[in-house]
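K.L.:
Next one to model:
(chains A and B)
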Protein chains: 2
Amino acid sequence: MKLATLKTGGRDGSLVVVDQGLKTAVHVKEIAETLQYALENWEVCEPALNDVYSRLNAGGVVDAFPFDPAEAHSPLPRSFQWCEASVWISHLERCRKATNRELPPGLYQEPGMYQGASDSFVPPGSPMVCSDENWQPDLEAGVCVITSDVPMGTRSHDAAKYIKLVVLVNDFSLRRLQPDEMAKGLGVLQCKPANAYSPVAVTPRALGKYWDGKLLNRRVHVHVRGELLGKPHAGRDALFNFPQLLEHLARTRNLEAGTIIGAGTVSNYDMEAGFGCLLEKRAQEIFDNGKAETPFLRYGDSIRIECFDDDGASIFGAIEQVLASSDEG
Amino acid sequence: MKLATLKTGGRDGSLVVVDQGLKTAVHVKEIAETLQYALENWEVCEPALNDVYSRLNAGGVVDAFPFDPAEAHSPLPRSFQWCEASVWISHLERCRKATNRELPPGLYQEPGMYQGASDSFVPPGSPMVCSDENWQPDLEAGVCVITSDVPMGTRSHDAAKYIKLVVLVNDFSLRRLQPDEMAKGLGVLQCKPANAYSPVAVTPRALGKYWDGKLLNRRVHVHVRGELLGKPHAGRDALFNFPQLLEHLARTRNLEAGTIIGAGTVSNYDMEAGFGCLLEKRAQEIFDNGKAETPFLRYGDSIRIECFDDDGASIFGAIEQVLASSDEG
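P.N.:
Next up is the predicted model:
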């Protein structure tokens, strides 16, 4: 099934079921008011929500209304946990190569993963707000899973069952702040402001052949300033997969329902695939020509992140944002 | 006023007001069912909760019942955000000196801070669960503040007003896992399992002279295996204070109500103060004698973290935990 969260209601928004083609939606307050509640009570809620989804697809729901992605918040408007790895190692290799920095060898042996901000996400159609354009704002196009409760010590071969939903993410990044922060040895914080997620979250079952239990076998189409930045394939070149990321994160602790795990900027070794972020494109330009020509985001610049099925229909809806100095606009 | 959360109820527990002496408590469901709700609606809830607190202290609440810290969860059983800095730089200096590692100079200029796990905290009287004793489990005694909503760009001179509550924390750490994780450049994750907080959270106003708007002017008494490990003073030797930590964290994003900000392991240059964690004591032993004699935590070992007022009464109640291989016991 496909789920979305409308901005109406409280801080956690209002859960709706969306049809397969993203045309109509229906409130499901009697089953679960919020996605967080549904994830905490998945065994009970999932069959009931799935039943609504079947009827919605069949056109048999009288309360259905047109689904407007502009009214959608991120599926979880806030979450108790967002952690991100970087499994498309070609992304890291390119970014480091340009500045002659070695990649820490540990990153090839086990996932590099950090805990990120999850207290208030941005709706997929709202601006990325940045108070200083010179912080080198950048998008990062990625794929994430959302889990139910995961017990400590879960192993990867047993982890797929905890993956309840798949979403796209724009992991908003401030590149200028990143090196100094990382030099302090404690990872990234200020350089990773609030993310936005795709308007629609999709179950592995509804993804069908596009989800193999481990990765999303689709290209992620990324546009910046109206031009194609890349369409890297999320099912290729990944050094680790989502069940392995779950094992990594749950090694020393339980994970609460609603945990969002990202896999990093999608990237392929195939240069034809393009890029999922500006930093990587600029790094390649530096490597090829000695200098970066593509600018980072400036105020008013647009980004768009989306996946399509074989028929060209949007699977998750689009993340469509502009960079803004405040969220007044 | 003083607030606590009982384990009864849902994942967020049930908010109670506790009297000044931690002897009695009263449910406040009609004002706020959970502490998260109270923090999100502080302007409305605070006066009402404070009124209950005054009446409870005067013995004028008929529904009052004995407060049993064993029934308390952490004040926020889970939170949308937990970030920790390390402002007592003598802690970092000692730990590095023992192994001849330089402290990154950036840590003296601005706070080093990481985003930690906040999805499910541990009650203050429940075990620290660790599936491998050889991971070198350690406590870290610290002080934290809990905020209301904080707007992006808040400056330190304007930040104190967002600090609504103060708590103690045991920032549970797995030392064996830490160096390899930090070598990957993305900070700490597996080596920082779920924390426990003091049973009682206290407003700055109720702390009176023990809170100067910036730091807690009290010693934190730390016992391990029944023996005093240290009683470092949380108001001394701090390179940064809490309003400065708020400014640092809010530089690039809004902070949601219920954000918990920790200041790291309390530590003083005065050697008489002892230590707030085993790693630091062991580091000093290595520096003094060439080898560490104090073992890390073993299964069954106890820890106790507490602060007292001038009359010797516990301010926040005690964090009292044992290390366990599972939470069955």
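
K.L.:
which secondary structure element contains the closest residue to residue A:65 other than its chain neighbours?
P.N.:
Of all residues not flanking residue A:65 in the chain, residue A:25 sits nearest, at 6.2 Å (Cβ to Cβ, 6 or more residues apart in numbering or on different chains). Where you see a C-beta, it was placed from the backbone N, CA and C, and this is true even at glycine. Element membership for residue A:25, per DSSP states H and E: strand A:24-27.

K.L.:
List the neighbouring strands of that strand plus their orientation.
P.N.:
strand A:14-18 (antiparallel), strand A:65-66 (antiparallel) (DSSP bridges).

K.L.:
What segments of the stretch 1-150 of chain A are helices?
P.N.:
Along the stretch 1-150 of chain A, counting by DSSP state H, counting those that start in this stretch, helices occupy A:35-40, A:42-57, A:89-97, A:106-109.

K.L.:
does the second one come close to chain B?
P.N.:
The one in question is helix A:42-57. No. Under the criterion of Cβ under 8 Å from any Cβ of the partner chain, chain B is not reached by helix A:42-57; the shortest gap measures 13.9 Å.

K.L.:
Can you name the residue of chain A nearest to chain B?
P.N.:
residue A:187 (2.7 Å; Cβ to the nearest Cβ).

K.L.:
Spatially nearest residue to the residue most central in space within chain A (excluding sequence neighbours)?
P.N.:
Taking Cα atoms, centre = their mean, the centroid of chain A lies closest to residue A:169, which sits 2.2 Å from it. Of all residues not flanking residue A:169 in the chain, residue A:142 sits nearest, at 4.6 Å (Cβ to Cβ, 6+ apart).

K.L.:
same question, residue A:240
P.N.:
Excluding its sequence neighbours, the residue lying closest to residue A:240 (Cβ to Cβ, 6+ apart) is residue A:87, at 4.5 Å.

K.L.:
That neighbour: what's it in contact with?
P.N.:
Neighbouring residues of residue A:87 by Cβ atoms under 8 Å, 6 or more residues apart in numbering or on different chains: A:111, A:238, A:239, A:240, A:241, A:245, A:263, A:264.

K.L.:
ditto for residue A:161
P.N.:
Residue A:161 neighbours (Cβ under 8 Å, 6+ apart): none.

K.L.:
Deepest in the core, which of the helices of the stretch 1-150 of chain A is it.
P.N.:
helix A:35-40 (a mean of 23; mean count of other Cβ atoms under 10 Å in any protein chain shown).

K.L.:
And chain B, is that one touching that?
P.N.:
Yes. Interface with chain B: helix A:35-40 contributes residue A:40 (Cβ under 8 Å from any Cβ).

K.L.:
give me the number of residues near the residue nearest to residue A:65?
P.N.:
26 (other Cβ atoms under 10 Å in any protein chain shown).

K.L.:
still on that earlier bit, how about the closest residue to the residue of chain A closest to chain B other than its chain neighbours, secondary structure?
P.N.:
Using Cβ to Cβ, 6+ apart and skipping the chain neighbours, the partner closest in space to residue A:187 is residue B:187 (2.7 Å). Secondary structure, DSSP: H, G, I helix; E, B strand; the rest coil: residue B:187 is coil.

K.L.:
circling back to that earlier point, would you mind finding the most buried of the strands paired with strand A:24-27?
P.N.:
By mean count of other Cβ under 10 Å, the strands paired with strand A:24-27 have strand A:14-18 as the most buried, with a mean of 25.

K.L.:
Just to check, the residue of chain A closest to chain B is in contact with residue A:181?
P.N.:
Yes. With contact defined as Cβ atoms under 8 Å, residue A:187 reaches residue A:181; the gap is 7.4 Å.

K.L.:
between those two, which one's more packed in?
P.N.:
Remark: of residue A:187 and residue A:181, residue A:187 carries more neighbours, 26 against 22, as counted by other Cβ under 10 Å.

K.L.:
so what's residue A:83 up against?
P.N.:
A:113, A:114, A:115, A:116, A:249, A:259, A:260, A:261, A:262, B:189.

K.L.:
Let me fix that, I meant to ask about residue A:15.
P.N.:
Residue A:15 neighbours (Cβ under 8 Å, 6+ apart): A:3, A:4, A:5, A:27, A:28, A:29, A:32, A:33, A:34, A:35, A:37, A:38.

K.L.:
How about the third one: what's its closest non-neighbour residue?
P.N.:
Nearest in space to residue A:5, with sequence neighbours left out and distances taken as Cβ to Cβ, 6+ apart, is residue A:13 at 3.9 Å.

K.L.:
Quick check: the gap between the one you found and residue A:27.
P.N.:
11 Å (Cβ to Cβ, to the nearest Å).

K.L.:
Neighbour count for the two, which is higher?
P.N.:
A count of neighbours by other Cβ under 10 Å puts residue A:13 above the other of residue A:13 and residue A:27, at 25 against 18.

K.L.:
How about the contacts made by the more buried one?
P.N.:
Counting by Cβ under 8 Å, 6+ apart, residue A:13 has contacts A:5, A:6, A:7, A:34, A:35, A:73, A:77.

K.L.:
Likewise for residue A:107?
P.N.:
A:86, A:89, A:92, B:184.

K.L.:
Same question for residue A:33.
P.N.:
A:9, A:12, A:14, A:15.

K.L.:
Can you give me the separation between it and residue B:228?
P.N.:
49 Å.

K.L.:
What of residue A:263?
P.N.:
Distance from residue A:263 to residue B:228, by Cβ to Cβ: 46 Å.

K.L.:
More neighbours: those two, which one.
P.N.:
residue A:263 (27 against 12).

K.L.:
Not counting its neighbours along the chain, what's nearest the more buried one?
P.N.:
Residue A:263's closest residue in space is residue A:87 (Cβ to Cβ, 6+ apart), at 4.6 Å.

K.L.:
And chain B, is stretch A:269-286 touching that?
P.N.:
No. Judged by Cβ under 8 Å from any Cβ, stretch A:269-286 stays clear of chain B, getting no closer than 15.4 Å.

K.L.:
Report the buried residues of that stretch.
P.N.:
A:273-284, A:286 (16 or more other Cβ atoms under 10 Å in any protein chain shown).

K.L.:
Tell me how far it lies from the chain's centre.
P.N.:
Relative to its chain's centre, stretch A:269-286 lies at 19 Å (Cα atoms, centre = their mean, to the nearest Å).

K.L.:
Average pLDDT for stretch A:207-220, rounded please.
P.N.:
The average of the pLDDT scores along stretch A:207-220 is 97.

K.L.:
Using PDB, write out the CA atom coordinates for that stretch.
P.N.:
Extracted C-alpha coordinates of stretch A:207-220, given in PDB (Å, rounded to 0.1, in the frame of the first residue of the first chain):
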ATOM      1  CA  LEU A 207       6.900  -2.000  -4.700                       C
ATOM      2  CA  GLY A 208       6.700  -5.500  -6.000                       C
ATOM      3  CA  LYS A 209       9.700  -6.300  -8.300                       C
ATOM      4  CA  TYR A 210      11.200  -2.900  -7.600                       C
ATOM      5  CA  TRP A 211      12.100  -4.100  -4.100                       C
ATOM      6  CA  ASP A 212      14.200  -7.200  -3.700                       C
ATOM      7  CA  GLY A 213      14.100  -7.200   0.100                       C
ATOM      8  CA  LYS A 214      17.500  -5.500   0.300                       C
ATOM      9  CA  LEU A 215      17.500  -2.500  -2.100                       C
ATOM     10  CA  LEU A 216      15.200  -0.400  -4.300                       C
ATOM     11  CA  ASN A 217      15.800  -1.500  -7.900                       C
ATOM     12  CA  ARG A 218      15.000   1.800  -9.500                       C
ATOM     13  CA  ARG A 219      16.800   4.900 -10.800                       C
ATOM     14  CA  VAL A 220      16.400   8.000  -8.700                       C
END
